[in-house]
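S.K.: when you get a sec, could you give me coordinates for this:
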Amino acid sequence: MAVAVAGRNAGSLGLRALRLLRRGVLRVFGEGRWVALVLLLGMLALRAWDPMPVETMRVKTYDLYQQMGPRPAPEPMVYIADIDEDSLAELGQWPWSRLVVGQMLLRLAQAGAFVGFDVVFSEPDRLSPARFVESMPGLPADIVGQLRGLPDNEAYFAQVLQATRAVLGQAGSDTPTPRSLMPEAPALAVINMNPDFRGDLPALVAGTIADFPGLIANLPVLEAAAGGRGLFSVSPETDGIVRRIPAIAHVAGSVYPTLSIEMLRVMFGASTILVRMMPPFGVEDIVLQGVARIPTDARGRLWPHYAKYSKARYIPAKDIVTGAFDAERLKG
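M.R.: Take a look at the predicted model:
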């Protein structure tokens, strides 16, 4: 009997303690605040989990904002030399001779534009005189000699690249590139902003930003002559829309800038690109020394604020080659 009475007393004390605890919680939070706290904790857990439906809802909301408030762009600061169908019909199939591309670059530079290429010149020009001879067996010996004595198209394009400080494009590849074939490392440094971090920073960088096992680069003579080199690889999302643009990427053990960031560095004469990491959270921002600080998301990406499509931004490549374009538009 004594044991039973003790059990009932203990149960009563426990119920009394629960009532007191509930009364204290309600006094602090109130009925509505308690519900709000539970909802808040649930929403935080959902954000941390971040399932695909939540991600889809977030990016679709972002798309709606883009449509409701596109970026004002009354005077374009960037133009596109468009390799359009009319240009292909007039100048022939792509790739064009490096003489043609060099002439186009020279005209743009003379008009006052700074140029970056979102194409890769990874193979020798098949129309270069020496290569043309190889593709045309049976030519008379005197013609072969004359063609072999002509300047190389690659050498001409390299001279124009060097004179204009133009930036060449590169592309990430899923095929690993041997270290011996990788071009010169970019002018980029990764800085740890968290003095308490004792982990593996290179591993954190590789696991955080866009990663490619290999690189599709330009011919070495062109890489050496260019003012800079940057990647233009992007990754569309599951619905095929590009919403986030990498500012940096990890390629075969090194961090490379993307094309727009490298163009800014060369155009404004910055010596180095600094990637500031805040471990373990990821990328803090990108700093062009003496020029600008560019905030990114934790994965080193930019969320562009798109402007409406404007045909005025596009200049047919054929018009640039022939000089039939308004050069005044490109000054500065």
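S.K.: pull out the buried positions in stretch 71-86.
M.R.: Applying a neighbour-count criterion of 16 or more other CB atoms under 10 Å, one finds 79, 81-83 buried in stretch 71-86. Every residue, glycine included, has its C-beta placed from N, CA and C.
S.K.: go on, stretch 100-119?
M.R.: Neighbour-count burial for stretch 100-119 [16+ other CB under 10 Å]: 100-109, 111, 113-118.
S.K.: how long is it end to end?
M.R.: 15 Å (CA to CA, to the nearest Å).
S.K.: ok now stretch 55-73, how far from the chain's centre?
M.R.: 19 Å (CA atoms, centre = their mean, to the nearest Å).
S.K.: now that stretch: average pLDDT?
M.R.: Stretch 55-73 shows a mean pLDDT of 87.
S.K.: neighbouring contacts of it?
M.R.: 237-238, 241, 243, 303, 305-308, 310 (CB atoms under 8 Å, 6 or more residues apart in numbering).
S.K.: who's in contact with residue 182?
M.R.: Shown in contact with residue 182 (CB under 8 Å, 6+ apart): 215, 217, 252, 254.
S.K.: can you put the contacts of stretch 55-73 in CSV and add neighbour count?
M.R.: Listed next are the contacts of stretch 55-73 as CSV, based on neighbours: other CB atoms under 10 Å:
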residue, neighbour count
237, 12
238, 9
241, 12
243, 17
303, 13
305, 12
306, 14
307, 14
308, 9
310, 9
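S.K.: among the residues you listed, list the two that are farthest apart in space.
M.R.: The distance between the two most remote of these (CB to CB) is 28.2 Å, for 238 and 310.
S.K.: bridge partners for the residue nearest the centre of the chain, pull those for me.
M.R.: The centroid of the chain falls nearest to residue 246 when counting by CA atoms, centre = their mean (2.8 Å). Note on residue 246: beta-bridge partners residue 301, judged by DSSP bridges.
S.K.: you'd agree it is up against residue 230?
M.R.: No: between residue 246 and residue 230 there is no contact under CB atoms under 8 Å: 10.4 Å.
S.K.: quickly list what's touching both of the two.
M.R.: In contact with both residue 246 and residue 230: residue 258, using CB under 8 Å, 6+ apart.
S.K.: ok, residue 268 - contacts?
M.R.: Contact analysis of residue 268 by CB under 8 Å, 6+ apart lists 288, 290-292.
S.K.: out of those residues, which is most surrounded?
M.R.: Within these, most neighbours by other CB atoms under 10 Å means residue 288, with 21 neighbours.
S.K.: for that residue, give me its contacts.
M.R.: Residue 288 neighbours (CB under 8 Å, 6+ apart): 261, 264-265, 268, 270, 273-274, 294.
S.K.: who does it form a beta bridge with?
M.R.: Going by DSSP bridges, residue 288 forms beta bridges with residue 273, residue 292.
S.K.: now the helices for this protein?
M.R.: 2-49, 52-68, 85-91, 98-110, 129-135, 141-148, 153-164, 201-208, 220-225, 259-268, 317-322 (DSSP state H).
S.K.: out of the buried residues of stretch 71-86, which comes closest to residue 42?
M.R.: Distances from residue 42 to the buried residues of stretch 71-86, taken by CB to CB, are shortest for residue 79, at 49.3 Å.
S.K.: the closest one and residue 327 touch, don't they?
M.R.: No: applying CB under 8 Å, one finds residue 79 not in contact with residue 327, separated by 11.3 Å.
S.K.: for this protein, give me the ranges with low pLDDT.
M.R.: Scanning the chain with the threshold set as pLDDT under 70 gives 1-14, 17-18, 21-34, 46-50, 131-136, 138-150.
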